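Engineer: Output the structure for:
(4 chains)
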There are 2 protein chains.
Amino acid sequence: MGADARSVTAKVLAMLEAFTPASPTLSLSELARRAGISLPTAHRRAAELVAWGALERGADGRYRIGLRLWEVASLAPRGLGLRDVAMPFLEDLYEVTHENVQLAVREGLELVFVERIAGRHAVPVLTRVGGRFALHATGVGLVLLAHAPVAVQEQALAAPLQAYTAKTMTERDRLRAVLAAVRKNGYAVSDGQVTLDALSVAAPIRGAGGEVVAAVSLVVRADTAEPITLAPVVQAAARGISRMLAPG
Amino acid sequence: MGADARSVTAKVLAMLEAFTPASPTLSLSELARRAGISLPTAHRRAAELVAWGALERGADGRYRIGLRLWEVASLAPRGLGLRDVAMPFLEDLYEVTHENVQLAVREGLELVFVERIAGRHAVPVLTRVGGRFALHATGVGLVLLAHAPVAVQEQALAAPLQAYTAKTMTERDRLRAVLAAVRKNGYAVSDGQVTLDALSVAAPIRGAGGEVVAAVSLVVRADTAEPITLAPVVQAAARGISRMLAPG
DNA sequence: GCTCGGCGTTCCGATGAACGGAATCCACAA
DNA sequence: TTGTGGATTCCGTTCATCGGAACGCCGAGC
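Structural biologist: Reported below is the predicted structural model:
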């Protein structure tokens, strides 16, 4: 996990990295073990982190990520910064459709969900704000991959492509064709490639320089869906957000 | 700012702390200056943080908070954790009223906004997700203060109470009376105490143990508002969220 | 009641990561 | 051309950091 945590900074970061969605709170021993550092060291560093507010300590003595860290992290331009300008448009999308709305950016060879509005009656989706996912399956992923630098595309296609359902595309050539189509059409459709009952339609969001910096999508029930009718509304939202990002 | 940054950890945290909403990107020199550390040191630490993803470096060489940090910070139980369970209820509130919806928690003697839904046509409010505010002025603040430990209340009342408008309560005795009323009524009203044209109605959210862990509010135009009619819907949302937090 | 094992905390002396000053390099402006 | 501010690298010193060990605490098992 923590690779070799030589420098102090690396140790501290390894400690933060130890927290996962599956275990958002950790005892000191768990923390030390996962970060790959000795217990006294973990104790010292954790104490400092708690004093500052990067970690918090519950009544039971377990550690968790602190609100203070969340505060400074909220300054990430690609995190809340993006979210803030996008939110009104996502709201509109949700209000019109009452389906799941998702906003994601690419981080390396995966995507990270920056925002998600889950309708109470919409299809359940297994994504989480702050969570990661592969690029080749979801609608947002296909958009982000289609507009990524060629080097990134090659790397992503070279890696093993996990099949989430029988419909997940894992043949490289077919994927290449789909990506070309995504670039041509200006939107992507993922039909049952993550879960069989869900279909998503995604469109690219462009930054000031015209590069694709994020993607929005609507996720609906696969059987009731008509992708063609959803594409325009998703694209409109994406264009609206792009306009806010490119002043003038 | 960085007090005395003796330990490496303190330095790293001081560097993160250097970023503010007003300046979300910094040059290396600015970063070093704000963190109160030497330039070579800042350079070394920044390089490590960039390598891990806690910071990112733009094409212009300026540093910004990285998406990776945002990811782990999203695991903060009082940040996104709370937000996730609250979101559907906030959505409902927004859809019914189309006014500003806010969700906040107390952090020390201030409050931190965890979520905010800003209607495009609602009163402009000067708050920001991840931003801080004083406890004694806003609706959410009054709720959080009213249910805070006595020691915290005393500390908060002992500090100078800033007046944001002519209507801001700054007399301690009157504030005490208001807090008692908030506890009795189960909701708080802040009428023109932050900006003269805004009025907010807030209600407490309780955790598994029954303690107040957060507060929701609706912020509406002061002149068109009827607090009494808003209280029930806000309270209902707060109860709904509380129920999700206290399983069983 | 006693013991054992896991966990958290504190203390110690040895060690090496981190430090700041100085030198270098670069881009831009005068 | 020179000058200025920022970024980067180098080097020898030093002090913060390190892990082992010892200790206190609690709950489970005998």
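Engineer: can you give me the strands for chain A?
Structural biologist: With DSSP state E as the criterion, chain A has strands at A:25-26, A:55-57, A:63-65, A:100-107, A:110-117, A:132-134, A:188-191, A:198-206, A:212-221.
Engineer: any idea of the angle the fifth one forms with strand A:212-221?
Structural biologist: Taking axes from the mean of the first three to the mean of the last three Cα atoms, to 10 degrees, one finds that strand A:110-117 is oriented at 60 degrees with respect to strand A:212-221.
Engineer: buried ones in strand A:110-117?
Structural biologist: By 16 or more other Cβ atoms under 10 Å in any protein chain shown, the buried positions in strand A:110-117 come out as A:111-117. Yep, even glycine has a C-beta here, placed from its N, CA and C like the rest.
Engineer: possible to save those as CSV with pLDDT and distance to chain B?
Structural biologist: CSV is the format used below for the buried residues of strand A:110-117 (pLDDT from 0 to 100; distance: Cβ to the nearest Cβ, whole Å):
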residue, pLDDT, distance to chain B
A:111, 97, 11
A:112, 97, 6
A:113, 97, 9
A:114, 96, 8
A:115, 95, 10
A:116, 93, 9
A:117, 92, 7
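Engineer: want to try a markdown table for these, with distance to residue B:53 as columns?
Structural biologist: Shown next, in a markdown table, are these (distance: Cβ to Cβ, whole Å):
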| residue | distance to residue B:53 |
| --- | --- |
| A:111 | 15 |
| A:112 | 11 |
| A:113 | 16 |
| A:114 | 15 |
| A:115 | 19 |
| A:116 | 21 |
| A:117 | 26 |
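Engineer: one step back: point out the one among the strands of chain A that comes closest to residue B:203.
Structural biologist: Between residue B:203 and these, the shortest separation by Cβ to Cβ is 22.5 Å, and it involves strand A:110-117.
Engineer: Closest one of the buried residues of strand A:110-117 to DNA strand D?
Structural biologist: residue A:112 (25.8 Å; Cβ to the nearest atom of the strand).
Engineer: Run through the bridge partners of that closest one.
Structural biologist: Note on residue A:112: beta-bridge partners by DSSP bridges are residue A:105, residue A:132.
Engineer: so it makes contact with residue A:131?
Structural biologist: Yes. Counting by Cβ atoms under 8 Å, residue A:131 is a contact partner of residue A:112 at 7.2 Å.
Engineer: contacting residues for the residue nearest in space to the middle of chain A?
Structural biologist: Nearest to the mean C-alpha position of chain A, by Cα atoms, centre = their mean, lies residue A:112 at 1.6 Å. The neighbours of residue A:112, taking Cβ atoms under 8 Å, 6 or more residues apart in numbering or on different chains as the test, are A:104-106, A:130-132, B:67, B:71.
Engineer: which one among those residues gets closest to residue A:51?
Structural biologist: residue B:71 (23.4 Å).
Engineer: Might one say that that closest one is in contact with residue A:128?
Structural biologist: No. Counting by Cβ under 8 Å, residue B:71 does not reach residue A:128; the two are 10.5 Å apart.
Engineer: thinking again about what came up before, may I see the contacts of residue A:112 organised as TSV, with pLDDT added?
Structural biologist: Formatted as TSV, the contacts of residue A:112 follow (pLDDT from 0 to 100):
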residue	pLDDT
A:104	98
A:105	98
A:106	97
A:130	94
A:131	94
A:132	95
B:67	97
B:71	96
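Engineer: which helix of chain A spans the most residues?
Structural biologist: If you go by DSSP state H, chain A has its longest helix at helix A:227-245.
Engineer: Which other helices and strands does that helix contact?
Structural biologist: Other elements packing on helix A:227-245 under the criterion 3 or more Cβ pairs under 8 Å, 6 or more residues apart in numbering or on different chains; DSSP states H and E are helix A:82-97, strand A:188-191, strand A:198-206, strand A:212-221.
Engineer: try 6 Å
Structural biologist: helix A:82-97, strand A:198-206, strand A:212-221 (3 or more Cβ pairs under 6 Å, 6 or more residues apart in numbering or on different chains; DSSP states H and E).
Engineer: Now tabulate these in a markdown table and tack on distance to chain B.
Structural biologist: As requested, the helices and strands packed on helix A:227-245 are arranged in a markdown table below (distance: least, Cβ to the nearest Cβ, whole Å):
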| stretch | distance to chain B |
| --- | --- |
| helix A:82-97 | 5 |
| strand A:198-206 | 15 |
| strand A:212-221 | 11 |
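Engineer: returning to that earlier point: single out the most deeply packed of the strands of chain A.
Structural biologist: Comparing the strands of chain A by mean neighbour count (mean count of other Cβ atoms under 10 Å in any protein chain shown), strand A:198-206 ranks first with a mean of 27.
Engineer: Give me the sheet partners of it and which way each runs.
Structural biologist: The strands beside strand A:198-206 in its sheet (DSSP bridges) come out as strand A:188-191 (antiparallel), strand A:212-221 (antiparallel).
Engineer: For the last one, give the mean pLDDT please.
Structural biologist: Model confidence over strand A:212-221, given as mean pLDDT, is 96.
Engineer: relative orientation of that strand and helix A:227-245 in degrees?
Structural biologist: Using the same axes, to 10 degrees, strand A:212-221 lies at 150 degrees relative to helix A:227-245.
Engineer: Please compute how far strand A:212-221 lies from its chain's middle.
Structural biologist: Distance of strand A:212-221 from its chain centroid, counting by Cα atoms, centre = their mean, to the nearest Å, is 11 Å.
Engineer: Could you tell me the angle between it and helix A:82-97?
Structural biologist: 30 degrees.
Engineer: between strand A:212-221 and strand A:100-107, how many degrees?
Structural biologist: 150 degrees.
Engineer: List the contacts of strand A:212-221.
Structural biologist: A:82, A:99-100, A:102-105, A:123, A:125, A:139-140, A:143-144, A:147, A:198-207, A:230, A:234, A:237-238 (Cβ atoms under 6 Å, 6 or more residues apart in numbering or on different chains).
Engineer: With the first one instead?
Structural biologist: The set of residues that contact strand A:188-191 without belonging to it, under Cβ under 6 Å, 6+ apart, is A:138-139, A:142-143, A:182, A:199-202, A:227.
Engineer: Report the helix or strand with the lowest average pLDDT across chain A.
Structural biologist: helix A:82-97 (a mean of 93; mean pLDDT, DSSP states H and E).
Engineer: Could you pull out the buried residues of it?
Structural biologist: Buried-residue list, helix A:82-97, by 16+ other Cβ under 10 Å: A:82-94, A:97.
Engineer: Now tabulate these in JSON lines and tack on distance to residue A:76.
Structural biologist: Shown next, in JSON lines, are the buried residues of helix A:82-97 (distance: Cβ to Cβ, whole Å):
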{"residue": "A:82", "distance to residue A:76": "9"}
{"residue": "A:83", "distance to residue A:76": "10"}
{"residue": "A:84", "distance to residue A:76": "11"}
{"residue": "A:85", "distance to residue A:76": "13"}
{"residue": "A:86", "distance to residue A:76": "14"}
{"residue": "A:87", "distance to residue A:76": "15"}
{"residue": "A:88", "distance to residue A:76": "20"}
{"residue": "A:89", "distance to residue A:76": "20"}
{"residue": "A:90", "distance to residue A:76": "18"}
{"residue": "A:91", "distance to residue A:76": "21"}
{"residue": "A:92", "distance to residue A:76": "24"}
{"residue": "A:93", "distance to residue A:76": "23"}
{"residue": "A:94", "distance to residue A:76": "23"}
{"residue": "A:97", "distance to residue A:76": "28"}
